[in-house]
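Novice: got a sequence here, can you build the structure:
(one chain, ligands or ions: 2)
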Amino acid sequence: MSREPSNCPSRRRFLLQALGAGGAVAGMTIAPGVVLISTAAETNEPTAKPGAGADAAKRWGLLIDTRRCAEDCSACISACRQENGWEEPRDPDKDPQWIRKMKLTDQREEPISLPLMCQHCKHPPCASVCPTQATFKRADGIVLVDKHRCIGCRYCMIACPFQARFMPQRPLGTASPNHPRAKGAAEGCTLCVQRIDRGEQPACVERCAEQGNKALLFGDLNDPQSSISQALRQSGGSTIRAELRLEPAVHYQGIV
Ligand code: SF4
Ligand code: SF4
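Specialist: Ligands and ions are numbered 1, 2, ... in the order given. Modelled structure (predicted):
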């Protein structure tokens, strides 16, 4: 069921080209003070208006302790499907899986159970290559797709080194009011932005805790006093494909 993130040299070349020599792309401002994309040069402009949901002072992220993630548990995946209205994939190589479990082996030959979803990169190549700016980064770091702007070109799918973007290829039987979905429009983990804007945790985090595993920790990476920042300071953590310098907002513990 799982797929390894591609390490293909041609794909990496494409990625580097997409980022450009300095990795810089222009920011996109949709209204005074409302900045959707800021990659190489982060902005100090004010955030969205009150009630708009995104706060530039925050950077939402996850800390996933793979040592607490039970190999046979898929509670986070079920919670994500229910919250966001995607179906059990009939073809795992093609159908959307906003979150999936990777079964890996570390350098000590120990098995690792690793939940993988959009890493909400600080410098998201999926946004850099999108010709219509359908893919954008909110001021608080959450990377989203505007389905109305997506033309289905799949550039973002090619650019994402984590294979975290999907495109429904069949008419959809389910949809959640949280996330209108359409055949031919790119999609991926939204970090449950609708829940975050209500002051709640992402559905996967909540369900994992209910199961008693508590492998997922959500919080503000910009706040040194947040639980996630303290856990990272005390116990460390790493990101996947760190050499790409995309600065994911998803950190992992227990991977060697
Ligand atoms: S993980 Fe992939 S889809 Fe998500 S922000 Fe990074 S490049 Fe974009
Ligand atoms: S598939 Fe949609 S979101 Fe992805 S790059 Fe093309 S237009 Fe942008």
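
Novice: and Pro89, how many neighbours?
Specialist: 15 (other Cβ atoms under 10 Å). (Glycine included, C-beta is placed from N, CA and C.)

Novice: for Tyr155, see how far away the closest residue to it other than its chain neighbours is.
Specialist: Using Cβ to Cβ, 6 or more residues apart in numbering and skipping residues adjacent in sequence, the residue nearest Pro89 is Asp95, 3.5 Å away. Counting by Cβ to Cβ, to the nearest Å, the gap from Asp95 to Tyr155 is 20 Å.

Novice: more neighbours: which of the two?
Specialist: Comparing Asp95 with Tyr155 by other Cβ under 10 Å, the one with more neighbours is Tyr155, at 22 against 16.

Novice: quick one, what contacts the more buried one?
Specialist: Contact analysis of Tyr155 by Cβ atoms under 8 Å, 6 or more residues apart in numbering lists Cys126, Val129, Cys130, Pro131.

Novice: tell me the secondary structure for Ser78?
Specialist: Assigned by DSSP: H, G, I helix; E, B strand; the rest coil, the conformation of Ser78 is helix.

Novice: ok, the residue nearest to Pro89 - contacts?
Specialist: Glu87, Pro89, Phe166, Pro168, Gln169.

Novice: format the contacts of Tyr155 as JSON lines; extra columns: neighbour count.
Specialist: As requested, the contacts of Tyr155 are exported to JSON lines (neighbours: other Cβ atoms under 10 Å):
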{"residue": "Cys126", "neighbour count": "28"}
{"residue": "Val129", "neighbour count": "22"}
{"residue": "Cys130", "neighbour count": "23"}
{"residue": "Pro131", "neighbour count": "11"}
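
Novice: for those residues, which one is nearest Gln234?
Specialist: The closest of the contacts of Tyr155 to Gln234 turns out to be Cys126 (Cβ to Cβ; 31.9 Å).

Novice: is it fair to say the closest one lies in a helix?
Specialist: Yes. Assignment of Cys126 by three-state DSSP places it within a helix.

Novice: oh, and call the first residue 50 from now on, that's how I've got it
Specialist: Renumbered: residue one is now 50, and that last one reads Cys175.

Novice: residue contacts, the residue nearest to it when sequence neighbours are not counted?
Specialist: Nearest residue to Cys175, sequence neighbours excluded (Cβ to Cβ, 6+ apart): Cys205, at 3.7 Å. Counting by Cβ under 8 Å, 6+ apart, Cys205 touches Cys175, Ala176, Val178, Cys179, Thr184, Val194, Arg214, Ala235.
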